[in-house]
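Chemist: Sequence plus the predicted model coming up.
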Amino acid sequence: MELKILTFPDNFLKTKASPVDNIDGDLQKLIEDMAETMYRAPGVGLAAIQVGVDKSLLIYDINPSDEQRRLQVLINPRIVDSEGRILSENEGCLSVPDFRADVKRAQRVLVEALDREGKPLRFEAEGLPAIVLQHEIDHLNGTLFIDRISSLKRQMYARRVKKKMRAR
């Protein structure tokens with residue numbers, strides 16, 4: 001079932017996600033629904049917060065084309081180390097439609113999480129996968145990518161959204 005993606009300025013997007021403490025059938029169904037939603041959007045990552053669910057859960061797939069899909073699921077993910085700097089050019093977000101911006105990110109991250117069966121994971125990611133992970137983990141911490149750009153650009157986007165909302 002496709003889920004509704006919350007968009008800025010929805011206050012739920014500022015929620016810090018609660019840890020997942022029970023990996024059950026309901027969570028597996030949520031993962032499947034999130035995957036359907038992400039692939040249809042289309043996007044390369046989606047955090048549970050973005051679909052209105054207060055759980056520390058994210059999915060991503062940096063090759064979302066039909067024949068190369070490799071869905072990755074992270075439960076209770078956290079970045080335990082990072083190094084280097086990279087400019088994520090033209091970064092976008094399903095929860096911040098019609099807006100893209102350059103964002104400074106870490107070049108490499110070390111992530112700890114659980115997989116969808118609850119097995120511990122610890123891995124390094126670099127480049128695009130590192131950017132996607134930082135972006136989605138930010139969502140779980142109540143941070144949008146526009147929180148990482150200049151306040152002037154953020155205010156311009158907020159004004160544009162509010163104007164669109166008034167026009168409806």
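Modeler: Sure thing, it's come through.
Chemist: Not counting the longest strand seen in the chain itself, show me its contacts.
Modeler: Longest strand in the chain, counting residues (DSSP state E): strand 72-83. Contact with strand 72-83 is made by 19-20, 23, 27, 31, 56-61, 106-116, 118, 121-122, 133-134, 136-137, 140, as judged by C-beta atoms under 8 Å, 6 or more residues apart in numbering. Quick note: C-beta positions are derived from backbone N, CA and C, even for glycine.
Chemist: Mind checking which of those are buried?
Modeler: 20, 23, 27, 31, 56-61, 106, 109-111, 113-114, 116, 133-134, 136-137, 140 (16 or more other C-beta atoms under 10 Å).
Chemist: List the buried residues in the longest strand of the chain.
Modeler: Residues of strand 72-83 classed as buried: Gln72, Val73, Leu74, Ile75, Asn76, Pro77, Ile79, Ser82 (neighbour count, 16+ other C-beta under 10 Å).
Chemist: Which of the buried ones among the contacts of strand 72-83 fall in helices?
Modeler: Among the buried ones among the contacts of strand 72-83, DSSP state H puts Leu27, Ile31, Leu133, Gln134, Glu136, Ile137, Leu140 in helices.
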